[in-house]
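Student: Pasting the sequence and the predicted coordinates here, then a few questions.
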Amino acid sequence: MSDSDFLIDLSLLHVRPAEAALPESRAEVENEVVGLFDQYRNRILRYVLSMGLCAHDAEDVSQEVFLSLFRHLRLGRPRQNLPGWIFRVAHNLALKQRQFVQKHQTHRDTALDLPENRADSSGDPEEQLADRERRKRLLAAMRALPERDQWCLYMRAEGLSYREIANALGMSLGAVANSLVRSFERLERVDGR
């Protein structure tokens, strides 16, 4: 067999030669994804954990998000608002994973590594107790919010802009703003400060 036997005739694939070449090399896309992974991994992980997944499932979802990002960029798809795209994919994958877990598991460990579960190193026991009680009230108020409002709050806490939150959750900017205002007002009432 000669080397020419291994050549592919692009016309047989119905692809013009200009379309056959990808806009960036695999290495360039890998470097970009690694940079975004370093920048957003912890934020994505915290967001997915906030949706009630255990740490193992959250790690899996986080990895899948960046694998999807690699595929997305490798195919030359749009790059605008990548943070919003990343959070939207994380959101959707986390919802799917949560549904799977709920369907296939009767007992779930939903304990999160929340601040109230950690030892407080401050000195005054009265302040510690007051802080712990405050966190419990705020956490209870937060959990009482509709899921969509919780997601908006978590994404905002991760530093996403209103537009990025809107894109990630498929909401209008006005709906995001209303959700956050409603949530902040409710938390302020509970906090009483």
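Tutor: Thanks, I have it. Numbering: from 1, shown residues only.

Student: quick one: Tyr162 from Gln150, how far?
Tutor: Tyr162 sits 16 Å away from Gln150, going by C-beta to C-beta, to the nearest Å. From N, CA and C alone the C-beta is placed, and that goes for glycine too.

Student: the strands in this structure, which residues?
Tutor: With strands called from DSSP state E, the chain shows none.

Student: Tell me where it has helices.
Tutor: 17-20, 26-50, 55-74, 82-104, 125-144, 147-157, 162-169, 173-191 (DSSP state H).

Student: Could you single out the most deeply buried of the ones you listed?
Tutor: helix 162-169 (a mean of 21; mean count of other C-beta atoms under 10 Å).

Student: Let's see stretch 45-57 as CSV, backbone CA atoms only.
Tutor: Extracted as CSV, the C-alpha positions of stretch 45-57 are listed here (Å, rounded to 0.1, in the frame of the first residue of the first chain):
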residue,chain,number,x,y,z
LEU,A,45,-18.0,23.3,42.1
ARG,A,46,-19.5,25.6,44.8
TYR,A,47,-22.5,26.3,42.6
VAL,A,48,-23.2,22.7,41.8
LEU,A,49,-22.8,21.8,45.5
SER,A,50,-25.4,24.5,46.3
MET,A,51,-27.8,22.6,44.1
GLY,A,52,-27.7,19.7,46.6
LEU,A,53,-25.3,17.3,44.9
CYS,A,54,-22.8,15.3,47.0
ALA,A,55,-19.1,16.2,46.5
HIS,A,56,-18.4,13.2,44.3
ASP,A,57,-21.3,14.0,41.9
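
Student: what's the average pLDDT for it?
Tutor: Mean pLDDT, computed over stretch 45-57, is 89.

Student: which stretches of this protein aren't confidently modelled?
Tutor: 1-24, 105-123, 193 (pLDDT under 70).

Student: Mark out where each domain of it begins and ends.
Tutor: Domains of the chain are assigned by automatic domain parsing as 21-104, 127-191.

Student: what sits against Leu169?
Tutor: Contact analysis of Leu169 by C-beta atoms under 8 Å, 6 or more residues apart in numbering lists Arg88, His91, Arg148, Trp151, Cys152, Met155, Val176.
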